[in-house]
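Student: output the structure for:
(one chain, ligands or ions: 1)
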Amino acid sequence: MKKIGIFYGSSTGSTSDLAQKIAKELNAEANVFDIANCSASDLLAYDVLLLGSSTWGMGDLQSDWETLLPELGKQNLSGKSVGLFGCGDSACYSDTFCNALALIKEGLEGSGCTFIGSYAPKNYNYDESASEQDGELIGLCIDESNESDMTDERIDTWIKAMQPAL
Ligand SMILES: Cc1cc2nc3c(=O)[nH]c(=O)nc-3n(C[C@H](O)[C@H](O)[C@H](O)COP(=O)(O)O)c2cc1C
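Tutor: This is a model prediction of the structure:
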């Protein structure tokens, strides 16, 4: 059985709540960690890494990722599958919606990992997102401030997209 670790950075609790929700919805056992208490070596124990960050500033990473991501990007993650998730606000930050997912992907580009869980965006209202690439969202983008009624369906779509790798 693959070991699944869910690692999140969250400033006001939304991505933390989302991580717990994902753990419940996965049809598999998973451990959940706040990256504020983690170093890169903690993540190496897992085959599947679900990495979450909210987006702050104008399209920036949640601050706890700023030290961990460069460390993680130097590790050999070949053979590992990485799924991305996070919270943003598509009304107030419509041009940088959930950009943090794209920053994590960029930071791990040379690590040898395989990214999983992209899906076609449906019923989103943002203008632009660096996390939409080649017509697909590269991971689970959630807007708890304006579209919380869509959260469950979006989690479901993302988990289905990752399922073959879980
Ligand atoms: C000052 C500030 C800047 C923000 N910048 C962005 C942004 O660029 N893109 C985005 O999608 N959301 C942005 N947000 C919205 C947060 O990502 C959103 O509130 C999220 O749910 C916070 O998640 P957390 O509690 O897990 O940190 C911003 C919020 C604030 C208050």
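
Student: the residue in the chain that the ligand sits nearest to - nearest residue in space that isn't next to it in sequence?
Tutor: Taking CB to the nearest ligand atom as the measure, the chain has Gly88 as its residue closest to the ligand, at 2.2 Å. Where you see a C-beta, it was placed from the backbone N, CA and C, and this is true even at glycine. Among residues not flanking Gly88 along the chain, Cys98 sits closest, at 3.9 Å (CB to CB, 6 or more residues apart in numbering).

Student: might one say that that neighbour is in contact with Cys141?
Tutor: Yes. Counting by CB atoms under 8 Å, Cys98 does reach Cys141; the two are 4.0 Å apart.

Student: who has more neighbours, these two?
Tutor: Cys98 (31 against 28; other CB atoms under 10 Å).

Student: can you tell me the element the more buried one falls in?
Tutor: Using DSSP states H and E, no element contains Cys98; it sits outside every helix and strand.

Student: how about it, phi and psi?
Tutor: phi 50, psi 30 (degrees, to the nearest 10).

Student: overlap in contacts of Cys98 and Cys141?
Tutor: Contact criterion CB atoms under 8 Å, 6 or more residues apart in numbering; residues shared by Cys98 and Cys141: 86, 88, 129, 131.

Student: redo those residues as JSON lines? Include secondary structure and distance to Ser10.
Tutor: JSON lines is the format used below for the shared contacts of Cys98 and Cys141 (DSSP: H, G, I helix; E, B strand; the rest coil; distance: CB to CB, whole Å):
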{"residue": "Gly86", "secondary structure": "strand", "distance to Ser10": "9"}
{"residue": "Gly88", "secondary structure": "coil", "distance to Ser10": "12"}
{"residue": "Ser129", "secondary structure": "coil", "distance to Ser10": "19"}
{"residue": "Ser131", "secondary structure": "coil", "distance to Ser10": "17"}
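
Student: what's stretch 33-51 in contact with?
Tutor: By CB under 8 Å, 6+ apart, stretch 33-51 touches 2-10, 16, 19, 22, 30-31, 64-65, 68, 71-72, 74-75, 77, 79-85, 104, 113, 116, 165-166.

Student: so is that stretch next to the ligand?
Tutor: No. Counting by CB under 6 Å from any ligand atom, the ligand is not contacted by stretch 33-51; separation bottoms out at 10.4 Å.

Student: so how far is that stretch from its chain's centroid?
Tutor: The chain centre lies 12 Å from the centre of stretch 33-51; the measure is CA atoms, centre = their mean, to the nearest Å.

Student: quick one, what contacts Asp64?
Tutor: 9, 34-36.

Student: near the ligand, which residues of the chain?
Tutor: By CB under 6 Å from any ligand atom, the residues of the chain that approach the ligand are 10-15, 54-59, 62, 87-89, 93, 96-99, 144-145.
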